[in-house]
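**Q** structure for this input, please:
(chains A, B and C)
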Amino acid sequence: MLLHQDRLFPSEPVVRSIARSLYASVCDLPIISPHGHTQAAWFAQNEFFPNPAMLFVQPDHYVYRMLYSQGVSMEALEIGQMPMENPRAVWRIFAAHYHLFRGTPTRMWLDFAFQELFGFEERLSERNADFYYDRIAELLATEGFRPRALYERFGIEVLATTDSPLDSLEDHAAIRNSGWSGRILPTFRPDAVVDPEFDGFAERIRMLGETTKEDTSSWKGYLNALRKSRAHFRSLGCTATDHGHPTVQTADLAESEAAGLFASVISGKANSAQQELFRAQMLTEMAKMSLEDGLVMQIHPGSVRNHNRLIFERFGRDTGADIPRPTNYVDALRPLLDRVGNEPGLTIILFTLDESTYSRELAPLAGHYPSLRLGPPWWFHDSPEGMMRFREQVTETAGFYNTVGFNDDTRAFLSIPARHDVARRVDCSFLARLVADHRLDEDEAFDLARELTCGLVKKAYRL
Amino acid sequence: MLLHQDRLFPSEPVVRSIARSLYASVCDLPIISPHGHTQAAWFAQNEFFPNPAMLFVQPDHYVYRMLYSQGVSMEALEIGQMPMENPRAVWRIFAAHYHLFRGTPTRMWLDFAFQELFGFEERLSERNADFYYDRIAELLATEGFRPRALYERFGIEVLATTDSPLDSLEDHAAIRNSGWSGRILPTFRPDAVVDPEFDGFAERIRMLGETTKEDTSSWKGYLNALRKSRAHFRSLGCTATDHGHPTVQTADLAESEAAGLFASVISGKANSAQQELFRAQMLTEMAKMSLEDGLVMQIHPGSVRNHNRLIFERFGRDTGADIPRPTNYVDALRPLLDRVGNEPGLTIILFTLDESTYSRELAPLAGHYPSLRLGPPWWFHDSPEGMMRFREQVTETAGFYNTVGFNDDTRAFLSIPARHDVARRVDCSFLARLVADHRLDEDEAFDLARELTCGLVKKAYRL
Amino acid sequence: MLLHQDRLFPSEPVVRSIARSLYASVCDLPIISPHGHTQAAWFAQNEFFPNPAMLFVQPDHYVYRMLYSQGVSMEALEIGQMPMENPRAVWRIFAAHYHLFRGTPTRMWLDFAFQELFGFEERLSERNADFYYDRIAELLATEGFRPRALYERFGIEVLATTDSPLDSLEDHAAIRNSGWSGRILPTFRPDAVVDPEFDGFAERIRMLGETTKEDTSSWKGYLNALRKSRAHFRSLGCTATDHGHPTVQTADLAESEAAGLFASVISGKANSAQQELFRAQMLTEMAKMSLEDGLVMQIHPGSVRNHNRLIFERFGRDTGADIPRPTNYVDALRPLLDRVGNEPGLTIILFTLDESTYSRELAPLAGHYPSLRLGPPWWFHDSPEGMMRFREQVTETAGFYNTVGFNDDTRAFLSIPARHDVARRVDCSFLARLVADHRLDEDEAFDLARELTCGLVKKAYRL
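**A** Next comes the predicted model:
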């Protein structure tokens, strides 16, 4: 077998036994996926997934950045090539390099899908690459592997996508109108109309005005357009916004100042400090709108996007070359918190790529401000060791109840059950250690295991 | 029972067995408390503590910041209200939210007091809130619960308070004159007359001059006033100073430059960089005076005080809204160390709220400079995981002998035995692991357990 | 016995048993030492080591910085005194303070040498100081303790020294010509002719010109001189360069700009920003030369050298007073990576003294760029806890294959086997935990144990 039933539980027998019991109590609970990057179109159109390489290699930057780091070229993997020319050749390269993933969460997610969905029992390798390819290809062409069937098989209760205000959301509307019972919700991610550094920013603002019938050449009209767009998202079930900024800097400018800044960024004449100030002001504007319309606000800061110039120029955004940078929360969030931080009706979920902030800034902030909650370990830290560090460094100051359960945050639909399974196992292992060390009573641990799996996420995301 | 006798010992049987033996050898040693925030008045007047809510909820910002973070209002908890209007109602709110403290050190400290002092065996909850309240209230009115009786019952050998140079220390004098054998010592904490950002700074300097009969309008008179004040503290048993600065920046200005800077901050015209420079210079001045008079110097840097403007305006300082900021030691301490860092007669104890500095800056500094020692994990990090990280990240570079044992640092008198108990258990667990992994001999571990409990703290604080 | 056969293996029986088996499979593999600070002269001249204090105390800043931090003076240890006046007295001081090293890697390295090389069974102490001294002194005068004999006894396959371009490498040539089979290789470390802050920088550049017969007063001649010097190193077996910069800042200036900057630093008129920019440009120049000549590039950044002014003035460089500073990689490396980061033929090995960068910057960078690899835990972090944190924080993002095995990096020749032994034990313990937690198959762990011990280091350093 590729997966052991006790995987991720510490081997010390007392801890493992408690972890097993806790896990048994939550392993069959439904999957709540409040943040991720799957496509509504998959569920609207419900078409077969094309081939193994296009499913497992081409879209997954976790996979191909590791291959690239060891000398496999992006061209050989046909990254960005549509349709793929030789998916089997790509698959063989992947299989021949499968050892590179030893000790990584990617390996665990892949093995989970290989065993649980495709029935493999032998580790992927150069030798059995074709055997894998053929069986996966065969199954992908069957009814049970269409997106909606997998959604049901995975036990998903709700799944949020991530969408631009410029997206018509017609796929979301189509799902709603189709009579299918799956619950696919959009998430309002306005980066492209909020961050002046995006290519074609002014043009996008103009399009936003067209869609919403507002005069987005003025600050007031621009804010109204965003309000209307949020309302449109809410009408299709959206409960949250998401903001991927280089930093978490916020600002709280006087209205006239903000209007002047908007004019300047729209004109394309703003320098980079003004662009940063505009993003900062917009986080506060978004928080104020959240206070009005009830959308939960997520902030994902601290990534240097497109760090590799060559790869960005040849292959575009989101190709595995985003690298974290140190992130300051304590000073940067202050303007926003001064304005709305004490509102118990507001929920802001903070994420980080800088683990040094867990115990220094994030847990103290979330352990005080009623509006703040901590998102789960993100991206590079969405891993067994990363999750354990998060609990170890956050819990003593922020407790469990200022956290919000798990996000899978994935573009790889087939990895969703694996990712939630890892989170449940690690959380149960952490709780089991607290019980074994007599820091938590057993009944409390069972209660918390359910909260960490379903309760807190539903409450935080208002699902 | 609320507490298990093996709590905090790792469950692996070999490690646990060694940890038990080590703990058994130190659990009855007296409590040395060289730094904290209890009130000398309690011991001078020896009055009953008023009621359970005023004892456990109202003064403890660890407790109410967590309640506040989950939507309980400060008003409902009667924070800052004297006398309390409805302490029982406050207690009921606290009890109903007791689950929020799961996994936090606060929970462990509270359970310790509940069981060891008040004899409870059932976890506090909404259901038994009144039962708890009544029994605690009843016992608080008995002789055994007066401050001096508790001091003796706790096995405290020495307890330091934290005091302003503007404090007359009359409570300390009264204790000395009372014939009581308890050893309560003041600590010289001059922030209010050293940090120009304090409200009424100039007025305070004037008052300092009055008390000490020095002309504090001049730099020289100001320094003399501080010298006299330190001598007054020493006459009442003080062995240490304490400095709570936003950063650990130090400076070593020429005398004329320092005098000019003093004139500028006193006039109220200094900008914020000059204020920071003045604080920086004063750390070096304090170190130089310590070299003269033998007072041990403690530095507690890196907290952004009163981060929550609303809470600060309504409820004042020290209300749970201080948030750590990244702290640089390597560059900031250099001017002071260049001046006095090689003096073996000087002891400076460094604390941090930024755990990333443990292995990067603090252990290398303390592992080299004869004047430097590392204080125990502070504030948010005074917790089982925090203590373990401290030992794991500091010991290999600084050893054990450049650390100074435990500080409880508490305003909550009843938590003192619990806090020392946690520290002893965690230190013994760390030592036990080293023994079990054959990195330390067993006889050395027993020796170190005593050093970490009593020896190092007495030596470092000159007690 | 001083050492237990299971030392450093976790005490949990399942993990320990796997760790033992893994270790048994690698403990007899040869030592590959691709980076360190032993002296080629030892092997060229093959003379006896003088005395115990000169072997274990005087050259080892790990040892005497700890003694100094606890009040032992540098003078009492005869640091920098040649020849030593009273080595036995120094040894006695060392022995009397041996408890200071409890819990440190230094203690483990020393005990290893004491037991394995000198046959001691009783811990060093004040009481047995002379017994130790006499036996060590006696053995040091025997044939088996000459450098070449020890090299063979240690099972070293290859050992790299660290050398200046101004070094003639005559010792390296002499070793080659001697017919001895030991493989001692130079490493090209050009700091002294690349960093304008070195004393006598311009004079050194002039000397470099003389040696290489290039006109080093021009930018082009300077680069040619470095090229020739590298070629000379390569002719004596060198496979790597090494760069110890205060930061990892890189630059990629236009040629004319670089030439102007060179003129400015040579003239001694450059300010500190220009000096930093010159170092930054030189890292990129070195990377470009590496692309030409195949030398692997190592970068060791982030140390504040000579932090203690007094000690520096009295005792000079490298005397235990170098303190780490926070290090940024994500922005600093970008100019170099933009230029050559995607070259699969280039290998740059990054080290750090700032552990907060492991998961935040280093693992994501190495997990993407084909030219980047991560060096093992360095200096203060070359320790059991430090190595474990490295694996825990790096592996999930960078995998094992973007790391390069172990460096002993030592000036203390006798500590080499001990250091490699510690690394093998910790790596095997980490792998054993992954196997016990069912995150890695057992056959994979055995394969990885060999890779981490020999395979990856040979490949990365091209040995």
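**Q** what does the stretch 101-250 of chain A put close to chain C?
**A** A:Phe101, A:Arg102, A:Gly103, A:Thr104, A:Pro105, A:Met108, A:Arg123 (Cβ under 8 Å from any Cβ of the partner chain). C-beta here means a position set from N, CA and C on the backbone, and glycine is covered the same way.
**Q** distance of the second one relative to A:Arg7?
**A** What it means is A:Arg102. Distance check for A:Arg102 against A:Arg7: by Cβ to Cβ, to the nearest Å, it reads 14 Å.
**Q** neighbour count winner among these two?
**A** More crowded of A:Arg102 and A:Arg7, by other Cβ atoms under 10 Å in any protein chain shown: A:Arg102, with 21 against 17.
**Q** near chain B, which residues of the stretch 1-150 of chain A?
**A** By Cβ under 8 Å from any Cβ, the residues of the stretch 1-150 of chain A that approach chain B are A:Glu12, A:Val14, A:Val15.
**Q** may I see the residues you listed organised as CSV, with secondary structure added?
**A** Shown next, in CSV, are those (DSSP: H, G, I helix; E, B strand; the rest coil):
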residue, secondary structure
A:Glu12, coil
A:Val14, helix
A:Val15, helix
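**Q** closest to chain C out of the residues you listed?
**A** The nearest member of the residues of the stretch 1-150 of chain A next to chain B to chain C, counting by Cβ to the nearest Cβ, is A:Glu12 at 5.1 Å.
**Q** do a quick rundown of the helices in the stretch 151-300 of chain A.
**A** Assigned helices in the stretch 151-300 of chain A, in chain order: A:170-177, A:201-212, A:219-235, A:255-266, A:272-293 (criterion: DSSP state H, counting those that start in this stretch).
**Q** using TSV, lay out these together with mean pLDDT, distance to A:Val330 and mean neighbour count.
**A** Output for the helices of the stretch 151-300 of chain A, formatted as TSV (pLDDT from 0 to 100; distance: least, Cβ to Cβ, whole Å; neighbours: other Cβ atoms under 10 Å in any protein chain shown):
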stretch	mean pLDDT	distance to A:Val330	mean neighbour count
helix A:170-177	98	37	17
helix A:201-212	97	30	17
helix A:219-235	98	28	19
helix A:255-266	97	24	17
helix A:272-293	98	15	19
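**Q** pull the contacting residues for the closest residue to chain B within the stretch 1-150 of chain A.
**A** Per Cβ to the nearest Cβ, A:Val14 is where the stretch 1-150 of chain A lies closest to chain B, at 4.5 Å. Contact analysis of A:Val14 by Cβ atoms under 8 Å, 6 or more residues apart in numbering or on different chains lists A:Ala436, B:Ser11.
**Q** hmm, try it at 10 Å
**A** When contacts are counted by Cβ atoms under 10 Å, 6 or more residues apart in numbering or on different chains, A:Val14 is found next to A:Ala432, A:Arg433, A:Val435, A:Ala436, A:Asp437, B:Pro10, B:Ser11, B:Glu12, B:Pro13, B:Arg16.
**Q** host element of the residue positioned nearest the centre of chain A?
**A** Nearest to the mean C-alpha position of chain A, counting by Cα atoms, centre = their mean, stands A:Asp409 at 2.4 Å. Applying DSSP states H and E as the criterion places A:Asp409 outside every helix and strand.
**Q** give the contact list for it.
**A** A:33-37, A:162, A:300, A:351, A:375-379, A:382, A:419.
**Q** with A:Ser359 instead?
**A** Counting by Cβ under 10 Å, 6+ apart, A:Ser359 makes contact with A:389, A:392-394, A:396-398, B:324, B:353-356, B:380-381, B:383, B:385-386, B:389.
**Q** kindly report the same for A:Asn407.
**A** Applying Cβ under 10 Å, 6+ apart to A:Asn407 gives the contacts A:32-36, A:160, A:298, A:300, A:349, A:351, A:375-378, A:382, A:419-420, A:423, A:457, A:461.
**Q** show me which of those residues are buried.
**A** Buried members of the contacts of A:Asn407, scored by 16 or more other Cβ atoms under 10 Å in any protein chain shown, are A:32-36, A:160, A:298, A:300, A:349, A:351, A:375-378, A:382, A:419-420, A:423, A:457, A:461.
**Q** strands - which of those land there?
**A** A:Ile32, A:Ser33, A:Ala160, A:Gln298, A:Ile349 (DSSP state E).
**Q** in CSV: the residues you listed, plus pLDDT and distance to B:Asp215.
**A** Compiled in CSV, those are given as follows (pLDDT from 0 to 100; distance: Cβ to Cβ, whole Å):
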residue, pLDDT, distance to B:Asp215
A:Ile32, 98, 69
A:Ser33, 98, 70
A:Ala160, 98, 69
A:Gln298, 98, 59
A:Ile349, 98, 56
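**Q** quickly list the domain ranges of chain A.
**A** A:48-145, A:147-461 (automatic domain parsing).
**Q** please identify the most buried of those domains.
**A** When the domains of chain A are scored by mean count of other Cβ atoms under 10 Å in any protein chain shown, the highest mean neighbour count falls to domain A:147-461 (a mean of 20).
**Q** so how far is the first residue of that domain from its last?
**A** Using Cα to Cα, to the nearest Å, the end-to-end distance of domain A:147-461 comes to 24 Å.
**Q** my guess is A:Val435 meets B:Arg102, correct?
**A** No - with contact defined as Cβ atoms under 10 Å, A:Val435 and B:Arg102 do not form a contacting pair (11.1 Å).
**Q** overlap in contacts, the two.
**A** Here A:Val435 and B:Arg102 share the contacting residues A:Asp441, A:Glu444, A:Ala445, scored by Cβ under 10 Å, 6+ apart.
**Q** not counting its neighbours along the chain, what's nearest the second one?
**A** What that stands for is A:Glu444. Among residues not flanking A:Glu444 along the chain, B:Arg102 sits closest, at 5.6 Å (Cβ to Cβ, 6 or more residues apart in numbering or on different chains).
**Q** ok, that neighbour to chain C distance?
**A** According to Cβ to the nearest Cβ, to the nearest Å, B:Arg102 stands 25 Å off from chain C.
**Q** how about that residue, what does it touch?
**A** Residues near B:Arg102 by Cβ under 10 Å, 6+ apart: A:395, A:399-401, A:431, A:434, A:439-441, A:444-445, A:447-448, A:451.
**Q** so which of these are in helices?
**A** A:Thr395, A:Leu431, A:Leu434, A:Glu444, A:Ala445, A:Asp447, A:Leu448 (DSSP state H).
**Q** isn't A:Asn402 right up against A:Gly367?
**A** Yes - judged on Cβ under 10 Å, A:Asn402 makes contact with A:Gly367 at a distance of 6.1 Å.
**Q** possible to save the contacts of B:Arg102 as CSV with pLDDT?
**A** Converted to CSV, the contacts of B:Arg102 look like this (pLDDT from 0 to 100):
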residue, pLDDT
A:Thr395, 98
A:Gly399, 98
A:Phe400, 98
A:Tyr401, 98
A:Leu431, 98
A:Leu434, 98
A:Arg439, 98
A:Leu440, 98
A:Asp441, 98
A:Glu444, 98
A:Ala445, 98
A:Asp447, 98
A:Leu448, 98
A:Glu451, 98
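**Q** and the stretch 201-350 of chain A, which of its residues are near chain B?
**A** A:326, A:328-331, A:333-334, A:337-339, A:341-342, A:344-345 (Cβ under 10 Å from any Cβ of the partner chain).
**Q** near chain C too, which of those?
**A** Okay, of those touching chain C (Cβ under 10 Å from any Cβ), that's A:Pro326.
**Q** would you format the residues of the stretch 201-350 of chain A next to chain B as TSV with pLDDT included?
**A** Shown next, in TSV, are these (pLDDT from 0 to 100):
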residue	pLDDT
A:Pro326	97
A:Asn328	97
A:Tyr329	98
A:Val330	97
A:Asp331	97
A:Leu333	98
A:Arg334	97
A:Leu337	98
A:Asp338	97
A:Arg339	97
A:Gly341	98
A:Asn342	97
A:Pro344	87
A:Gly345	94
